[in-house]
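Student: Sequence first, then the predicted structure, then my questions.
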Amino acid sequence: MSADAPGGTEGTPDVQARRRRLRLLAYVIGAFGLSLSAQINFLVPLRARELGAGLDIIGLIIGSGTLAAALSSVSIGAIIDRIGPKRAFVLGAGGTAVASLGFMVVDSYWWFVALQPIHGVVRNLGWVASQGYITSFATDEERARLTGRFSFFSNVGTMVGPLLAGAAASVLGFRWALVVPIAYSLVFALIGLALAETRDADEVAAAGAKGRGKGGAGIGAAIGLLANRGIQVALILS
């Protein structure tokens, strides 16, 4: 662990104050993933309907994003293990902003069928990375307390996100209301850059080498899970 990592020894008041600031940032990123999911699942169907999509197509659009997020979860975990939760969170938040921008600039709902799975994957990358970050940030003694506060911010984000999107939709219309998830994602990408590293460069390099030795991104493990009958039933039902 690096000297600046949050798990280091607390000493001077300045170090303690810095750790409190970093701890707050670790809580705040919990408001990213579920909030973005709520915003997009609120705005995209309305925008697709505005473009003439039928209810069956809207169901396909929303379902494809959820399925893509589920199928990519194992690979996402492997990626986070290789590059670290901080970098993965910044990548996920930035990618979510780009995918959200795509929803705003296209003028055919068929593009949504392609964009929604991409959005689901990058959003899920940010969400899983935020969970990985809070658990690696906390010591064993404080992990339960910190993850509880992280959960509080997650629930607040789930409530605030749709409120922001709904207010924007009522004023700007469905298309321009997509500025909300774009801006929201960019803000969290900047917050992610301010997070402390939880692993030093040597640890990240070692994890990357280990991941390459195992085939990279956990695709084999994901395919193996799909062979499980219980997983197949869960996917069909959902």
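Tutor: Thanks, I have the structure now.

Student: what mean pLDDT does the helix or strand residue 78 falls within have?
Tutor: Following DSSP states H and E, the helix or strand that holds residue 78 is helix 73-83. The average pLDDT for helix 73-83 rounds to 88.

Student: Report the next helix or strand after that helix in sequence order.
Tutor: Following helix 73-83 in sequence, per DSSP H and E, is helix 85-105.

Student: So which helix or strand of this structure has the lowest pLDDT on average?
Tutor: helix 201-213 (a mean of 50; mean pLDDT, DSSP states H and E).

Student: What separation do you get for the closest residue to residue 90 other than its chain neighbours and residue 63?
Tutor: Leaving aside its chain neighbours, residue 90 sits nearest to residue 192 (3.9 Å; criterion: Cβ to Cβ, 6 or more residues apart in numbering). Every residue, glycine included, has its C-beta placed from N, CA and C. Counting by Cβ to Cβ, to the nearest Å, the gap from residue 192 to residue 63 is 29 Å.

Student: And for residue 150?
Tutor: 28 Å.

Student: next one: residue 176
Tutor: Distance from residue 176 to residue 63, by Cβ to Cβ: 26 Å.

Student: For burial, what's the neighbour tally of the closest residue to residue 94 other than its chain neighbours?
Tutor: Counting by Cβ to Cβ, 6+ apart, residue 189 is the residue found nearest to residue 94 once chain neighbours are left out, at 4.5 Å. Neighbouring residues of residue 189 were enumerated by other Cβ atoms under 10 Å; the total is 20.

Student: host element of residue 189?
Tutor: helix 179-193.

Student: quick one, what contacts residue 127?
Tutor: 32-34, 36-37, 92 (Cβ atoms under 8 Å, 6 or more residues apart in numbering).

Student: Where helices are concerned, which of those residues count?
Tutor: 33-34, 36-37, 92 (DSSP state H).

Student: what would the residues you listed look like in TSV with neighbour count?
Tutor: Converted to TSV, the ones in helices among the contacts of residue 127 look like this (neighbours: other Cβ atoms under 10 Å):
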residue	neighbour count
33	27
34	20
36	31
37	23
92	31
